[in-house]
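**Q** Sharing a sequence plus its predicted fold:
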Amino acid sequence: MKKFKNYINRNESVVTGNQNLEHLYTFEDFPVFMGCSSEENSNNDLVADMTWEIDPETGIIQLTKLIPMDILYMDQHMDATGGTWTRYNEALSNFIIDNYNGDILEIGGGSGKLAKLVTSKSKKTEYTVVEPNPAFSESERIKIKKEFFTDKFKINDDKIKTITLSQVLEHVYDPRLFLKNLYNKLPENGLFIFGYPNLEYLFSNKFTNAINFEHTMLMTDFYLDYFLNEAGFKILKKVDYENHSHFYSVIKDSSRKKINIEFNMDLLYNKYKSMFNEYINYHLKMVKELNDLVENSESQIFLFGAHIFSQYLISFGLKTDKILFILDNSPLKIGKRLYGTNINVKSPKVLKNYSNPLVILKAGLYNKEIKEDILNNINSNTKFI
């Protein structure tokens, strides 16, 4: 593997702009891409130092060394596979249909599943997706622009009065600038409707998909409300979708009065610093226990998740010498190799060929559906740790 060095430095707080950040933890030589590779081995894979710091004034946790987006998003790795994502997209599409106006522009359409759901429910809506690596094709009412949404992007359609996105805002490097840019591109009374992950729940429950090279800050909904307010938006609706996400509908209303949101320095700083330290200590202890269990097991060993879940466990010290394959349900990943490792990815169906499989399963909100699918449909003898 090769060490990446050409970082984008972000040494100032994303909230205040001050340069008084406090170092928390550095994951050395972490894979820069959380997807899979078709290359035979990891010789050309890039790794980088993932350095987390905290702003003492606001409590926000953020990366200070960022990966350029053309490298970070070198390929599509998200196709919304599984029942959890199916239910989420159904719920978000209904929320959009209930609140939108005019034609729709979606930023970061990924799999195209949200676009297809919305257009199937609204027969006259024209839909444009801005996505550098789309995993779907255009249709009569869904158009694709293969690029990133930046300040240079122009909306050349007066009928577009709603901008939407799903699980994208947490990926932006400067939320203040991004939201202001989005605000400026909307017409007066234009709507911004989106789904945003419940990072507070995910991180407090030690789920490893909360923060990473793509989710570069622990921007919980408290901070998101602050950034929306600063950009000029008025929140019309905010709905919690299970423990998975928050759904927002906000409006560009130039007549609104900005709300004064204050930061309780001591409360936020102590809360999120303690949460982060607990997260680190929990995983160091848990991985040590996993290593002991695997070392003493006579079972065939597998690791579930060709994604950030597995990359984090390995970075925390999970030994991989006894792992036969990484399992994943995504057609985008099966038959490839998890980036940053030399472990190949197989469908969970491969477990049918083993008499005594043991699966390391640490996939957060998706654990239940993954476990039930394997036990009910593939191999009832499978054990999980």
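**A** Structure received. Numbering: from 1, shown residues only.

**Q** Now do stretch 377-385: distance to the chain's middle.
**A** Per Cα atoms, centre = their mean, to the nearest Å, the displacement of stretch 377-385 from the mean C-alpha position of its chain is 28 Å.

**Q** Check stretch 111-122 too.
**A** With Cα atoms, centre = their mean, you get 20 Å for stretch 111-122.

**Q** contacting residues around the closest residue to K336 other than its chain neighbours?
**A** Closest residue in space to K336, ignoring its immediate chain neighbours: C36 at 3.7 Å, by Cβ to Cβ, 6 or more residues apart in numbering. The way it works is simple: take the backbone N, C-alpha and C, and place the C-beta from them, glycine included. Residues in contact with C36 (Cβ atoms under 8 Å, 6 or more residues apart in numbering) are H77, A306, L332, K333, K336, R337, L338, Y339, V345.

**Q** Try it again at 6 Å.
**A** Applying Cβ atoms under 6 Å, 6 or more residues apart in numbering to C36 gives the contacts A306, K333, K336, L338, V345.

**Q** try T16
**A** E57 are the contacts of T16 under Cβ under 6 Å, 6+ apart.

**Q** Checking it next. Helix, strand or coil?
**A** coil (DSSP: H, G, I helix; E, B strand; the rest coil).

**Q** Next one, pLDDT for the closest residue to V172 other than its chain neighbours please.
**A** What sits nearest to V172 in space, not counting adjacent residues and going by Cβ to Cβ, 6+ apart, is F178, at 4.3 Å. pLDDT for F178: 95.

**Q** try A80
**A** 60.

**Q** Who does F302 form a beta bridge with?
**A** F325, V359 (DSSP bridges).

**Q** K346 too?
**A** With DSSP bridges as the rule, K346 is bridged to L327.

**Q** Model confidence score at it, please.
**A** Reported pLDDT for K346: 98.

**Q** wait, isn't it in contact with I326?
**A** No - counting by Cβ atoms under 6 Å, I326 is not a contact partner of K346; they are 7.4 Å apart.

**Q** These two - which one has more neighbours?
**A** Neighbour count, other Cβ atoms under 10 Å: between K346 and I326, I326 has more, with 25 against 19.

**Q** R176 belongs to a helix?
**A** Yes - counting by three-state DSSP, R176 is located in a helix.

**Q** residues touching it, list them.
**A** F227.

**Q** Q300: neighbour count?
**A** Counted with other Cβ under 10 Å, residues neighbouring Q300 total 18.

**Q** how close does it sit to T220?
**A** 40 Å (Cβ to Cβ, to the nearest Å).

**Q** what comes up buried for the longest helix anywhere in the chain?
**A** Ranked by residue count, the top helix of the chain under DSSP state H comes out as helix 265-295. For helix 265-295, a neighbour-count test (16 or more other Cβ atoms under 10 Å) marks L268, Y269, Y272, K273, M275, F276, Y279, H283, M286, V287, L290, V294 as buried.
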